[in-house]
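Participant: Got a predicted structure plus its sequence, pasted below:
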Protein chains: 2
Amino acid sequence: MSGIADVARLAGVSKSTASRALTGGGYVSDETRRRVQDAAGSLGYVPTTSAVSLATGRTNTVALIVPRVNRWYFGSIIEGVERTLIPRGYDLTLYVAEPDSRDRASLYSHFLARKRFDGVIAVALEPDDADIARLLSFGKPTVCIGNELAEIATLGIDNTAIGRMITQHLLALGHRAIVFLGATPKGEPTAHDVIDRIAGYRQAMSGAGLSDRTGVYESTLTITDGYAAAAALLADVESRPTAIVAACDEIAIGAIVAARRLGIAVPSQLSVVGVDGHDYAEMFALTTVEQRPAAQGEQAVDILLGMVDNADAPARSTIPVQLVVRASTAAPR
Amino acid sequence: MSGIADVARLAGVSKSTASRALTGGGYVSDETRRRVQDAAGSLGYVPTTSAVSLATGRTNTVALIVPRVNRWYFGSIIEGVERTLIPRGYDLTLYVAEPDSRDRASLYSHFLARKRFDGVIAVALEPDDADIARLLSFGKPTVCIGNELAEIATLGIDNTAIGRMITQHLLALGHRAIVFLGATPKGEPTAHDVIDRIAGYRQAMSGAGLSDRTGVYESTLTITDGYAAAAALLADVESRPTAIVAACDEIAIGAIVAARRLGIAVPSQLSVVGVDGHDYAEMFALTTVEQRPAAQGEQAVDILLGMVDNADAPARSTIPVQLVVRASTAAPR
DNA sequence: TTGTACGCGTTATCAG
DNA sequence: CTGATAACGCGTACAA
C-alpha cells in the first residue's frame, strides 16, 4: 500500500535518498540508512515490481519452459530451479508446452515476447527446432537443459555415451539378445535424447559384433506404456530377449512389473537397465544411470544468473553421470 | 524493441489513439484501428508488461503455491492451472514451499508481498495455518484447492466422505480386518486431507461395529514409502489384515507391489483401495476414488479469474468424486 | 552525503 | 472520434 514516498517522508529524507538507502546503491550515511530501513520496516514497505522493472529494466524473473510437469525428470528440474531461484530473489514463471504444439506457438508469439523476464531456461529443446532461433531472437540470456545445442549455453548429459555404457554393462554380463525399449512412437514429437541413446545402444551392439541382433521397440516414456510394451514384447517365449535396455527408468520399471506379472524372474531370466536415477529405482532394485535432474536445474540457474549479471559468454557443460548397479541386471540364465 | 510511440508514428496517429486501437478501450474509427493494428503487426510490437502493469494496476499473472512439484496430485494441478491460464493471456508464477518450511516464510514476506500478481491459487493449505491470514491480508482474489477453509474460495473433495466410502466398499465385500495405511508420520507437517480420510475410515468401522479392530499405520504419501510400510505391515502372517485402505494411490500401489513381492495375491488374499485416480491406477488394476486434480486446477482458474474480473463473492464448491472399482478389491479368502 | 528533476512505456483523463 | 497531458512508482544522472 505504502510507497517509497511514504517511507521517505517518515524517515525525513527525500525519495532518492530513501531509494539509495534501500537498494544499496550510492552513498548514504549509516545513520540515515538505518532510519530509512526502520521506516520501511514499520510501514511494511515492499517495492512495486512493475515500477522497479520499468525504471531498471530488470524483472527479477526467470522463465522456465518444460514439455510436461508430471514426469519425474521434468518435475525434478522444476524443483531444482525453483529452490535455487527463490533464495536469490527471483521469481519463476512456468511455461508448459510440448514441442511442435499449438501452445508452443502462442508461447513464443505472445508470452515470451513480453520481455517479462531476465533470462530463460528451456528444457528438452530439439536441436532442429525452430524454437531455438526464436528464443535467441529475444536477446535474453538463455540456458538449455537436455540437449547440446549450437550457440546456446547448454547443460546436459552425453546420451550416446550412456546408451553405450548400459548396453556394454549387459554385454559384459554375457547377454547377447539385448533389445532397446523406448523408441519414440510415430506421431509423437521426436526426442533427441532417446535417439542418441539408441545410437549408443547400436554402437555397443555393433562393437560386440551383434549388429544383426539389434532390436528397437517403441514406447512412450512412462511406466504405463513401458509396462504395456514390455508385456507385448515378452509374451512370445521363443523370441524373448534376455535383457532390455530401457530409454528411461519409467519404462524400465514398467518392464520389471510386466515381467513379474508374466512370471519372468528379474534378473535371472531377464535383465533390465534404465536411465535417470528415478526415485523409484531403488525400490525396484533397478540398475540405472543417475543424472540428477534437480541438480541440473540448480546448475542451470547458477549459469543463467551468472550470464544475467556478467553478460558472460555462453557456457557448455556435460554433466557427469554414474552407473548404479542394482539387482535388476545379472548374467543370463 | 519498438514501443507504442513507434506504432503511433507509423500509423500517423497519437500514442493515445494507438493505445485505444490496440487495447480495445474507447472509440476508434475502424479505419484508424486497422491502420494501427497493421503498424503494430509490421513492427512486431509487443507491449512492455511492467509499463502496462504500472498504468493499469493489473499484472496478468497468477501465483500458484504448491508444497511439491514431483507428486502426481500436485503435478496434475499445475498442468491443469497452466493450460487454462495461458489461453486467457495470463502468466503463471510458481512457488514451491512445504507448509511450515523456511521457504514458506520468505515466500510470504518477500515474494507474495511484491504484488506482482492479480490472484493466487494455493494448494493444500492447512486450515489452522497462519499462512491463510497472511494470504488474505494481500487483498488479492484467492482460491484454495484441497481443503475447506473459512472465508476463502475453496475447491476440494470431501475427504471424510471418501474415507468412509472406500472403507464401506471393503466392508460390503465382507472384510473385517481392515487397516488404514498412510497416516502422517510424526515430524512431517500435518496433512488435513489425510486426517479427514482417517476420520472417515474410523466412522465406517464404528458403523460396522468394528471400532476395536481399527488399525492406522504411518506412511509418507509416496510409492516408495507405501511399499516399505506395507512390507513391514504384511510381514507377520498372523496379524495380517485382509484389506488395506490407503491414504492415496501412491501408497496403494506401493502396497500392491509389496504384496506381490511377498507372494500375497491381490485381491484374493489382500484387497487394496486407494484415493486419487493416479495415472498408474489402471495398470495396477487399483480400485480407487478419482478426484481429477487437473480438472480442479482448471476450475480453480475459472473461479479465480471470475473473481479478478467481477470482484465476486468467494465461492465454495465440493468436487464430486467417483469410486472406480477394479481388480485390487474382492471378497476375502 | 543529500535533494531535484527527469525518464522508464503505457494507460487514463479530459478537452477539443 | 482524436490528441495533449498527466499519472503509475521507482531509480538515477546531475547539481548542490
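Facilitator: Cool, the structure landed. Residues are numbered from 1 along each chain as shown, chains lettered A, B, ... in the order given.

Participant: so where is chain A shaky, pLDDT-wise?
Facilitator: Scanning chain A for pLDDT under 70 picks out A:311-314.

Participant: Can you list the residue ranges for strands in it?
Facilitator: A:61-66, A:91-96, A:119-123, A:142-145, A:153-156, A:178-183, A:215-218, A:243-246, A:271-276, A:287-290, A:316-318, A:322-324 (DSSP state E).

Participant: what residues does chain A put near DNA strand C?
Facilitator: A:12-17, A:20, A:26-29, A:31-32, A:51, A:54-55 (C-beta under 7 Å from any atom of the strand). For the C-beta atoms, the positions are set from N, CA and C on the backbone; glycine is no exception.

Participant: one more time with 6 Å
Facilitator: Within reach of DNA strand C by C-beta under 6 Å from any atom of the strand, chain A has these residues: A:Val13, A:Ser14, A:Lys15, A:Ser16, A:Thr17, A:Gly26, A:Tyr27, A:Val28, A:Ser29, A:Thr32, A:Leu54, A:Ala55.

Participant: Check the stretch 151-300 of chain A for the residue nearest DNA strand D and tell me.
Facilitator: Closest approach between the stretch 151-300 of chain A and DNA strand D, counting by C-beta to the nearest atom of the strand: A:Ala153, at 25.5 Å.

Participant: is that residue in a bridge, and if so with what?
Facilitator: Beta-bridge pairing for A:Ala153 (DSSP bridges): A:Val143.

Participant: Contact partners for it?
Facilitator: Listed by C-beta atoms under 8 Å, 6 or more residues apart in numbering or on different chains, the contact partners of A:Ala153 are A:Pro141, A:Thr142, A:Val143, A:Cys144, A:Ile303, A:Leu304, A:Met307, A:Pro314, A:Ala315, A:Arg316.

Participant: Around whichever residue of chain A sits closest to DNA strand D, count how many other residues there are.
Facilitator: DNA strand D sits closest to A:Gly3 of chain A, with a gap of 2.6 Å, by C-beta to the nearest atom of the strand. When counting by other C-beta atoms under 10 Å in any protein chain shown, one arrives at 16 neighbours for A:Gly3.

Participant: In contact with it, which residues?
Facilitator: Counting by C-beta under 8 Å, 6+ apart, A:Gly3 touches A:Tyr45, A:Thr48.

Participant: Name the residue closest to the centre of chain A, please.
Facilitator: A:Ile77 (4.4 Å; C-alpha atoms, centre = their mean).

Participant: So for that one, what's the nearest residue that isn't a sequence neighbour?
Facilitator: Setting aside the residues directly before and after it, A:Ile77 is nearest to A:Gly297 in space (C-beta to C-beta, 6 or more residues apart in numbering or on different chains), at 4.2 Å.

Participant: A:Ala330 now?
Facilitator: That would be A:Pro267: by C-beta to C-beta, 6+ apart, it lies 3.8 Å from A:Ala330.

Participant: roughly how far apart are the one you found and A:Asp279?
Facilitator: Here the distance between A:Pro267 and A:Asp279 works out to 21 Å (C-beta to C-beta, to the nearest Å).

Participant: Ok, A:Ala231 next?
Facilitator: 23 Å.

Participant: what does A:Ile78 give?
Facilitator: Distance from A:Ile78 to A:Asp279, counting by C-beta to C-beta: 14 Å.

Participant: who's more crowded, these two?
Facilitator: The neighbour count for A:Ile78 versus A:Asp279, taken as other C-beta under 10 Å, is higher for A:Ile78 (27 against 15).
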